[in-house]
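*Asks:* Predicted model, plus sequence, below.
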Amino acid sequence: MVSIKDIAKKAGVSISTVSYALNGSNKVTDETSSKILAIAKELNYVPNAAARNLKKRETKIVGVFLTDFRGDVYGDLLHGMKEISNLQGYDLIVCSGEQSHKMLPERMIDGAIILDQMFASEELLKYADLGHKIVVLDRELDHPNINQVLLDNKAGATLAMEHLIELGHKKIYVVTGPEGSYDSMQRMKAVRMVSERSHDVECIEISGNFEKTGGEKAAEQIIAEYKEPVAVFCLNDEMAIGLWNRISETDLKIGEHIHLIGFDNIELAGYMQPRLSTINYSKQKWGALAAEQLLKLLSGDTVENERIYVTLVRGESANRV
């Protein structure tokens, strides 16, 4: 990799002179500057972005850390982040995996938005202590350099459970998210709270994974135990669709034998027949608000933690019994 030392040696000038020329400084004559730029081009010199960013202390890049790129939620979420970031002159880079975590301490990005359960809270707090600005969407962390923009998971799960109970369901299967997921844990707290105060309701938990395969696996248990109409609350729509697909291969019918509700109101939910009951919120607004909060932190503004509100979408996949 060509460095400014190589350019300086070939041009017969000092390293500082090369630096001035490459940065367009008027401290170098036009003749010398033209000579240096020509040599840089000849040698295919590429500026060291990391070094330049350390000097300027900004990159105008926001990093978004995700556990996974799959699922219909991420598209709208990232669009909201990108739209706000671009309006303020920032670019967006999406990362996944432990190696990408070093982008924050090495100042390859100005700040981070976290929706990645594999990014340890202890690590985030360490970076926050060093002055890095962070917005979290998947946990609660108390630090002046960290802002929370959280989905109202408990309210959403409460709406779903109460809807099924109001429809007269006494046996409700609940398909959970993956172990360690903040969203799943918060939703399950609300599920258990509603279940405990509804003494005549039987609540059966089935471990899931927020993917279609989790819904398909849960369907096997429900089919095997089926005796009379039951309700199912899948903690996201992806699993609800997986369960739906497996049920459709049997004589059981959604909305008649299996009364189903999901969470997220992904686009596909609106096209299903019968329409999937689910919990709705604006993914684009969630992403946009996360980006707004991070940019305020980067500007030194004081910000309050935010919450994304949810609503119930009544479909025909869950009916009265």
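*Replies:* Everything's here; your move. As the structure is a computational prediction, the values presented were derived from the model and not from experiment.

*Asks:* drop to CA atoms for contacts and neighbour counts, all remaining ones
*Replies:* Noted.

*Asks:* so what pLDDT did residue 28 get?
*Replies:* Looking at residue 28, its pLDDT is 91.

*Asks:* ok, it - how many residues close by?
*Replies:* By other C-alpha atoms under 10 Å, 16 other residues sit near residue 28.

*Asks:* what separates it from residue 34, distance-wise?
*Replies:* Counting by C-alpha to C-alpha, to the nearest Å, the gap from residue 28 to residue 34 is 10 Å.

*Asks:* go on, residue 163?
*Replies:* From residue 163 to residue 34 the distance is 73 Å (C-alpha to C-alpha).

*Asks:* Looking at these two, which is more packed in?
*Replies:* More crowded of residue 163 and residue 34, by other C-alpha under 10 Å: residue 163, with 19 against 14.

*Asks:* so which strand or helix has that one?
*Replies:* Per DSSP states H and E, residue 163 falls inside helix 153-166.

*Asks:* mind saving the C-alpha coords of that helix as CSV?
*Replies:* Output in CSV follows, covering the C-alpha atoms of helix 153-166 (Å, rounded to 0.1, in the frame of the first residue of the first chain):
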residue,chain,number,x,y,z
ASN,A,153,-43.3,-4.6,23.6
LYS,A,154,-45.3,-5.1,26.8
ALA,A,155,-48.2,-3.0,25.6
GLY,A,156,-48.2,-4.9,22.3
ALA,A,157,-48.2,-8.3,24.0
THR,A,158,-50.9,-7.2,26.4
LEU,A,159,-53.1,-6.0,23.5
ALA,A,160,-52.7,-9.4,21.8
MET,A,161,-53.4,-11.5,24.8
GLU,A,162,-56.4,-9.4,25.9
HIS,A,163,-57.8,-9.5,22.4
LEU,A,164,-57.7,-13.4,22.4
ILE,A,165,-59.3,-13.5,25.9
GLU,A,166,-62.0,-11.1,24.9
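
*Asks:* who does it touch, helix- and strand-wise?
*Replies:* Helices and strands touching helix 153-166, by 3 or more C-alpha pairs under 8 Å, 6 or more residues apart in numbering; DSSP states H and E, are helix 182-197, strand 230-234, strand 278-280, strand 311-313.

*Asks:* what angle separates it from helix 182-197?
*Replies:* 40 degrees (axes from the mean of the first three to the mean of the last three C-alpha atoms, to 10 degrees).

*Asks:* Buried by neighbour count: which residues of helix 153-166 qualify?
*Replies:* 153-165 (16 or more other C-alpha atoms under 10 Å).

*Asks:* Partner strands of the helix or strand following that helix, with direction?
*Replies:* Counting by DSSP H and E, the next helix or strand C-terminal to helix 153-166 is strand 171-175. Here strand 171-175 is paired, per DSSP bridges, with strand 202-206 (parallel), strand 230-234 (parallel).

*Asks:* Make CSV from those and add mean pLDDT, distance to residue 247 and mean neighbour count to it.
*Replies:* As requested, the strands paired with strand 171-175 are exported to CSV (pLDDT from 0 to 100; distance: least, C-alpha to C-alpha, whole Å; neighbours: other C-alpha atoms under 10 Å):
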stretch, mean pLDDT, distance to residue 247, mean neighbour count
strand 202-206, 97, 16, 15
strand 230-234, 98, 12, 27
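
*Asks:* Looking at the ones you listed, spot the one closest to residue 93.
*Replies:* Among the strands paired with strand 171-175, the nearest to residue 93 by C-alpha to C-alpha is strand 230-234 (31.2 Å).

*Asks:* what angle do whichever helix or strand comes after that closest one and strand 171-175 make?
*Replies:* Sequence-wise, the next helix or strand downstream of strand 230-234 (DSSP H and E) is helix 237-247. Put simply, helix 237-247 runs at 120 degrees to strand 171-175, going by the same axes, to 10 degrees.
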